[in-house]
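> everything below, folded, please.
(chains A and B)
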Number of protein chains: 2
Amino acid sequence: MQIEMCPSSGPQSAVSTLLGAHNVHAQYALVAMSLAASSLGTTRPTTLASRRANPVSARINVARVCAKSRARARTTTMAAAVPIMVNDLTGKMGRAVADAVVARGADVCYLVPVAFSGEAKDPVSVGDVTVDIKSIRDGDPGAIIKSLKSEHPGLIVVDYTLPAAVNANAALYVANDQPFVMGTTGGDREKLLKDVTDAKLPAVIAPQMGKQVVAFQAAMKLMATNFPGAFKGYTLTVTESHQSSKVDTSGTAKAIVESFNELGCGFDIADAVLVRDVPTQIAPIPTGMGVPEEHILGHAFHTYKLTSPDNTVSFEFQHNVCGRSIYAEGSVDAALFLSDKVGDGCDSEDCEAGKTLFDMIDVLKEGGMVTN
Amino acid sequence: MQIEMCPSSGPQSAVSTLLGAHNVHAQYALVAMSLAASSLGTTRPTTLASRRANPVSARINVARVCAKSRARARTTTMAAAVPIMVNDLTGKMGRAVADAVVARGADVCYLVPVAFSGEAKDPVSVGDVTVDIKSIRDGDPGAIIKSLKSEHPGLIVVDYTLPAAVNANAALYVANDQPFVMGTTGGDREKLLKDVTDAKLPAVIAPQMGKQVVAFQAAMKLMATNFPGAFKGYTLTVTESHQSSKVDTSGTAKAIVESFNELGCGFDIADAVLVRDVPTQIAPIPTGMGVPEEHILGHAFHTYKLTSPDNTVSFEFQHNVCGRSIYAEGSVDAALFLSDKVGDGCDSEDCEAGKTLFDMIDVLKEGGMVTN
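Numbering: from 1, shown residues only, chains lettered A, B, ... in the order given. Next comes the predicted model:
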């Protein structure tokens, strides 16, 4: 590993664990683990803080961003925009990420005008950027990465390729000390994680890049862990709708049902209702799922309903995703997060602890520093 | 204080804090604070464990109750049913609690056949129990409590009276070392908490007894604390419906909006839509709130909807409560919880630490021991 990892110098601050600090006066001010607590009380240049925000909120909330900034001080001067290479941007998901990179704004990040695909193809235009499409299989992809790293210091790769390419691509990134975000699912995950961990290569690897979905899923897990049995006796129903090409029950639904079962629901995942027929998908709630017609071929709708034994109380949770935008935005967030973890500017606890392998929970936990 | 508080002898176990123990292999197995961790690995008589469950789930889940019991060992023999006095059970909320006590089953708890009201009244029948209604203002209510304590060892009082009576009633309970659950809102809360804390009288005091609503509220707070800014840029809408006599915005909505704002929504609580007209309340979702007609005079419906800047992602959370059942059940849970905290049988960490004042978060946290 030639990458300059983060110095352990600078103010050390242990992970603060604020547990159970509640009383009757503030019953609901349940203070949970505060893994980002070490960032409190320090400052970060506004420009750096605000560049992380998505463009909409950045425009709207500049004042609040300034007021609420709780981020770390950097010893470096104002950070440069992060160069992001998207492989394979001729694929639908890669293209969505490339679009998100461009949309995020040139002061935040920019799209590197070279990308790998399975084979060389005609250049692709993304906004103002014309991207050369090189073959990852032919020639010397390692030399291309080296050249790009030299030309674009702090380069981050986002990988949305194919399950069959996951391990080979990771090996290429590892061999060239190239930090990457792996959005591609499948492959030999165990090997992937081991290879990257062994190399101590900074990477974000996550099967679900939809940041807000991950946050909701984690919140249900937190509720279950803290209040086991709180919904005992409640009846759960689960309905999910995806494009008809998706045969199995959603993995997200499975994970969330697991939390509801810890809360006491006793739900068999086999009882989840899988909606795959278009008329039901399109029909409005409550008879259908209310999926917009233009997203019939790509959506992930979930509804969980909890009903008390006497039917007087009900809770309903929905997370409805159309298209790829949430995953693309989450991938850009992951790339920006990763950028903060490499190079000589990193002074985070993770760097101090030598942590290099991250997931979307890590990205979310640092939200306060990244986007507030 | 004459109440025999819990011995500090017995196996000591510190509160375990399991923080941040996640990795990419188990991204969503986010291990949060585990305040009940000290109960792991010990056992509790099944009868005691299962008597805490609500009757429906107890019947259904006896096997699971046994299998999942993670509760503490007791040095005492099988616990007796908990005697519960409900003041004032001539009021609607008190009556709902009395009904819930009786419904919970005689092996779990029983209704004490004496209750206080503002003035003496004709006896009231609750199930098979005929309850004498005594004046709390005339005569010697302290002597009545003393007598009841003697006749019903381990007596727990649940108080649903009037705001104006809160402090005087608490003073009566304190003067007679009578553990109580205060479901009545209002009064001088600061004085209430101070008086009870100073006396080290075991009590559960909470403005919201709806256990599941408190759990949801805490889960949103946990999400906000752990993942600040995760929903930055999202637009929040809040719609709540209550009986028309309720003028102000729901306190629960206010607390939950606070969490959503920490998540980045930037919502002004003044923009919450308060539905108070019956036609809209009764109209089905999505045009109305879908409140059952029979609950127009007593309901608490809440819908929070989060929409991404590009409208491709939405999250919706609903908690809809009809009538008083959830609060009554939560109050009985609180009384049973409190019963475990008094007397010589208590070996919980709370007792060891000398903690005597509790809220619904405490009740929820112990859910794993109480109902699993």
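
> up against chain B, what does the stretch 251-372 of chain A have?
For the stretch 251-372 of chain A, the contact set with chain B under Cβ under 8 Å from any Cβ of the partner chain comprises A:255, A:263-264, A:266, A:284-286, A:295, A:306, A:308-310, A:312-323, A:325-326, A:357-361, A:364-365, A:367-368, A:370-372. Where you see a C-beta, it was placed from the backbone N, CA and C, and this is true even at glycine.

> residues contacting the closest residue to A:Gly288 other than its chain neighbours?
Excluding the flanking residues, the one nearest A:Gly288 by Cβ to Cβ, 6 or more residues apart in numbering or on different chains is A:Thr280, at 5.0 Å. The contact partners of A:Thr280, taken as Cβ atoms under 8 Å, 6 or more residues apart in numbering or on different chains, are A:241, A:287-289.

> narrow the residues you listed to just the buried residues.
Among these, the ones that count as buried by 16 or more other Cβ atoms under 10 Å in any protein chain shown are A:241, A:288-289.

> put the alpha carbons of stretch A:163-181 into CSV.
Extracted in CSV, the C-alpha atoms of stretch A:163-181 (Å, rounded to 0.1, in the frame of the first residue of the first chain):
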residue,chain,number,x,y,z
PRO,A,163,-21.4,-9.8,-10.2
ALA,A,164,-18.9,-11.8,-12.3
ALA,A,165,-16.5,-8.9,-12.3
VAL,A,166,-16.6,-8.0,-8.7
ASN,A,167,-13.5,-9.9,-7.5
ALA,A,168,-11.3,-9.2,-10.5
ASN,A,169,-12.2,-5.5,-10.4
ALA,A,170,-11.4,-5.4,-6.6
ALA,A,171,-8.1,-7.1,-7.3
LEU,A,172,-7.3,-4.4,-9.9
TYR,A,173,-8.1,-1.6,-7.5
VAL,A,174,-6.1,-3.3,-4.7
ALA,A,175,-3.1,-3.9,-7.0
ASN,A,176,-3.1,-0.2,-7.8
ASP,A,177,-3.9,1.2,-4.3
GLN,A,178,-7.1,2.7,-5.7
PRO,A,179,-9.8,3.5,-3.1
PHE,A,180,-13.2,2.5,-4.3
VAL,A,181,-16.9,2.3,-3.6
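
> among the buried ones among the contacts of A:Thr280, name the ones in strands.
Among those, the members found in strands (DSSP state E) are A:Ser241.

> and of the buried ones among the contacts of A:Thr280, the nearest to B:Gln178?
A:Met289 (53.5 Å; Cβ to Cβ).

> quick check: pLDDT value at the residue nearest to A:Pro207 when sequence neighbours are not counted.
Distance criterion Cβ to Cβ, 6+ apart; nearest residue to A:Pro207, sequence neighbours excluded, is A:Thr185 at 5.4 Å. Looking at A:Thr185, its pLDDT is 92.

> who touches A:Thr185 in this structure?
Counting by Cβ under 8 Å, 6+ apart, A:Thr185 has contacts A:163, A:166, A:207.

> take these and write them to CSV, including pLDDT, neighbour count and secondary structure.
Converted to CSV, the contacts of A:Thr185 look like this (pLDDT from 0 to 100; neighbours: other Cβ atoms under 10 Å in any protein chain shown; DSSP: H, G, I helix; E, B strand; the rest coil):
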residue, pLDDT, neighbour count, secondary structure
A:Pro163, 94, 12, helix
A:Val166, 96, 21, helix
A:Pro207, 88, 18, coil
